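> Okay, sequence plus prediction incoming.
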Amino acid sequence: DVKVTQSSRYLVKRTGEKVFLECVQDMDHENMFWYRQDPGLGLRLIYFSYDVKMKEKGDIPEGYSVSREKKERFSLILESASTNQTSMYLCASKIHSRGPYEQYFGPGTRLTVT
Amino acid sequence: AQKITQTQPGMFVQEKEAVTLDCTYDTSDQSYGLFWYKQPSSGEMIFLIYQGSYDEQNATEGRYSLNFQKARKSANLVISASQLGDSAMYFCAMREEDTGRRALTFGSGTRLQVQP
């Protein structure tokens, strides 16, 4: 069974802290994604990775960085957390091919920055 | 311009009735895919249905069907015989294949509430 896991369901951090959100998939997918979800805005792409050590900025990369040292693991890093990064963060993965291949999502991490 | 527009922030439907959730999209790509996801209150995103831009038939998956009108750039989700468990957020999303954008672009979502 397909599985994407995220390290925490809920996280509370203080302003200025460095925050790591971890995502692991067991499907040998090449593509991995980080989205944030905010009410009324849907899901917005922060970063994605199409291979180990390869990454591209999404639509809202400011304030975030990512790391992909192994194929199965994609980390999102908030270098200095701010209150406007309070949100739900969703990781997803997908095989590389074009066509009718959906993204598989993790359960999400609800991050609160105080 | 918004790539994906869902104009219904919230919808109510009676149990056992059909409901249509609207989605319009904007792209200049010839090849693209349209997806619908369901997000229950637990938060996980559940894939429901896919429609490719070159698919001539409307996609169907059980009680879900996608009413694809290419000229109007609309991809409405139809849920037949609503059940209480259908209460959730529903997101329409698009992947533009020509531009090579691998990620999905999502709409703002519609919250569906099924009433007994």
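That came in fine, so what should we check first?
> show me where pLDDT drops low in the chain?
Answering for chain A, as no chain was given. For chain A, the stretches with pLDDT under 70 are A:2.
> Let me rephrase: I mean chain B.
Applying pLDDT under 70 to chain B picks out residues B:1.
> Get me the contact residues on it for chain A.
Residues of chain B lying near chain A by CB under 8 Å from any CB of the partner chain: B:4, B:6, B:9, B:31, B:33, B:35, B:37, B:42-45, B:47, B:50, B:52, B:91, B:93, B:97, B:102-109. The C-beta positions use only the backbone N, C-alpha and C, and glycine is treated the same way.
> Would you list the buried entries among the residues you listed?
B:4, B:6, B:33, B:35, B:37, B:43, B:45, B:47, B:50, B:52, B:91, B:93, B:97, B:102-109 (16 or more other CB atoms under 10 Å in any protein chain shown).
> ranges for the strands of chain B?
Here chain B has its strands, by DSSP state E, at B:4-5, B:10-14, B:19-21, B:24-25, B:32-39, B:46-52, B:60-61, B:64-69, B:74-79, B:88-96, B:105-106, B:110-115.
> okay if I get the ones you listed as a markdown table plus distance to A:T109?
Formatted as a markdown table, the strands of chain B follow (distance: least, CB to CB, whole Å):
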| stretch | distance to A:T109 |
| --- | --- |
| strand B:4-5 | 24 |
| strand B:10-14 | 26 |
| strand B:19-21 | 27 |
| strand B:24-25 | 29 |
| strand B:32-39 | 15 |
| strand B:46-52 | 18 |
| strand B:60-61 | 29 |
| strand B:64-69 | 28 |
| strand B:74-79 | 27 |
| strand B:88-96 | 17 |
| strand B:105-106 | 18 |
| strand B:110-115 | 22 |
